[in-house]
Each structure stands twice: as structure tokens, then as C-alpha cells.
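*Asks:* fold the following and give me the result.
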Amino acid sequence: LESCGVKIMSMGFFLDEQAPVVWRGPMAMSATKQFLRGVDWGELDYLIVDLPPGTGDIPLTLAQEVPLDGGLIVTTPQDVALADVTRGVAMFRRLNTPILGVAVNMAGYTCPKCGTRDDLFGAHAADRISREIGAPVLAEFPIEQALRESGDAGRPLVARDPASPVSLAFLDLAAAVEKSLAGVRDELYGPEPAEVT
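*Replies:* Numbering: from 1, shown residues only. Predicted structure coming up:
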């Protein structure tokens, strides 16, 4: 399926809305391989895989099946979430997958009436997360009602309201990831030649 110029594949497309996906490791690994090799993706700029948290079978299968240019770590500021993320980062580093950076979700809430910002899950989270993971925080996303409403409606906030601060943060994140990927490619393959003969 395609939405807003993005091709999408999900296990959810094949299941009843109420059906849980209760799979042991081999089934999850098989589905991952099938999505990588059995989907006619066509021409892509990037293939982005949204992984479950942790160090389970799916991230491991992905890292073993295809060469990964890098991982973007998405977390929330709580210590318990950071503990899970740290293990995932360690796994990707062990598999020689570069960590491009971190996106922090639920990074504070600004009251729409008075404008006061509250860091519900801890202040100075970005500094702490960057230090613990050893990668830069590329974006922070606040708790935002418009973002939730957009997701529920199935229309991305970036498409619905591209000038909103959260939309601009998503666009800045995309640019930062692209820049990080360019750095990884330069490190691995060297800069592109100025002239090709």
C-alpha cells in the first residue's frame, strides 16, 4: 500500500483487527525474511523497518539478513525505557550496525492554555540519553494532541499541518538522519569521485 508517497507493508494488513500476532521466533523470523525478499518494493530511496523494542528475533534476523546502513533509536525519557534501548544499541553495535542517532518521544508537555512546559518523564533527558547511548539526540517530540489525532485519523501531521512545530521537528529529524547516513557511507566507501570516467 502507498500513503503520502510512502510504500508500506505490515503484518497488520493480513490479520483481523482483533487478532493478536502470537508467534514464536521461527515464525517471526520467517515473516521478516518474507517482507525483505518477497515484497515487490520497486525503486526505493530508503527502506525503513519499524522494529519492536529489545533484542529479540526480529532485529537479529534483520541485521543478519541484509546489510544495514544504520539504526535510529526511538525512546521515551524514562529510565526503564532507556534500559531496554541500551541493550538494543549494544546488540546493533555488536553486529556492526552504526547508530545514526536518537529520537526522544514524549519529551515534555506544553500546556495549551498557559504555555507552561512540564517534563513529565524527567528533565534534561536528551543530555542523559545521548551520554548513556553514545549517540546524538537528533530530535525530541513533545506529547502533542494534534500528533495523536493525526495518527488516529491515519493522516500524518506533516501532511496535515506541515508548518506545525512537531511537523518541523519530523522534517529536521529526516534531514539529520540523511546527513548521518551520508557520513556512514563516506566512512565505509569514501566520498564519491568528482568525475567518473
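*Asks:* which parts of the helix or strand of the chain with the lowest mean pLDDT are buried?
*Replies:* When the helices and strands of the chain are scored by mean pLDDT, DSSP states H and E, helix 125-133 comes last with a mean of 79. In terms of neighbour count (16 or more other Cβ atoms under 10 Å), helix 125-133 has its buried residues at 125-126, 129-130, 133. C-betas here are computed from N, CA, C, even on glycine.
*Asks:* same for it, what does it pack against?
*Replies:* Under the contact definition 3 or more Cβ pairs under 8 Å, 6 or more residues apart in numbering; DSSP states H and E, helix 125-133 sits against helix 79-94, strand 99-104, strand 137-140.
*Asks:* pull out the buried residues from the first one.
*Replies:* For helix 79-94, a neighbour-count test (16+ other Cβ under 10 Å) marks 81-82, 85-86, 88-89, 91-92 as buried.
*Asks:* who are the packing partners of that helix?
*Replies:* Helices and strands in packing contact with helix 79-94 are listed as helix 57-65, strand 71-75, strand 99-104, helix 125-133; criterion 3+ Cβ pairs under 8 Å, 6+ apart.
*Asks:* any weak-confidence spans in this structure?
*Replies:* Within the chain, the set of residues satisfying pLDDT under 70 comprises 55, 123-125, 189-194, 197.
*Asks:* the longest helix in it is where?
*Replies:* Ordering each helix of the chain by length in residues (DSSP state H) puts helix 165-189 first.
*Asks:* that one to strand 71-75, inter-axis angle?
*Replies:* Interaxial angle of helix 165-189 relative to strand 71-75 (axes from the mean of the first three to the mean of the last three Cα atoms, to 10 degrees): 150 degrees.
*Asks:* so which elements touch helix 165-189?
*Replies:* For helix 165-189, the helices and strands in contact under the criterion 3+ Cβ pairs under 8 Å, 6+ apart are strand 99-104, strand 137-140, helix 157-160.
*Asks:* export those to a markdown table and tack on distance to residue 179 and mean neighbour count?
*Replies:* Conversion of the helices and strands packed on helix 165-189 to a markdown table gives the following (distance: least, Cβ to Cβ, whole Å; neighbours: other Cβ atoms under 10 Å):
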| stretch | distance to residue 179 | mean neighbour count |
| --- | --- | --- |
| strand 99-104 | 9 | 22 |
| strand 137-140 | 9 | 21 |
| helix 157-160 | 18 | 16 |
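*Asks:* so can I have a markdown table of the ones you listed showing distance to residue 113?
*Replies:* What follows is the helices and strands packed on helix 165-189, written out as a markdown table (distance: least, Cβ to Cβ, whole Å):
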| stretch | distance to residue 113 |
| --- | --- |
| strand 99-104 | 25 |
| strand 137-140 | 22 |
| helix 157-160 | 21 |
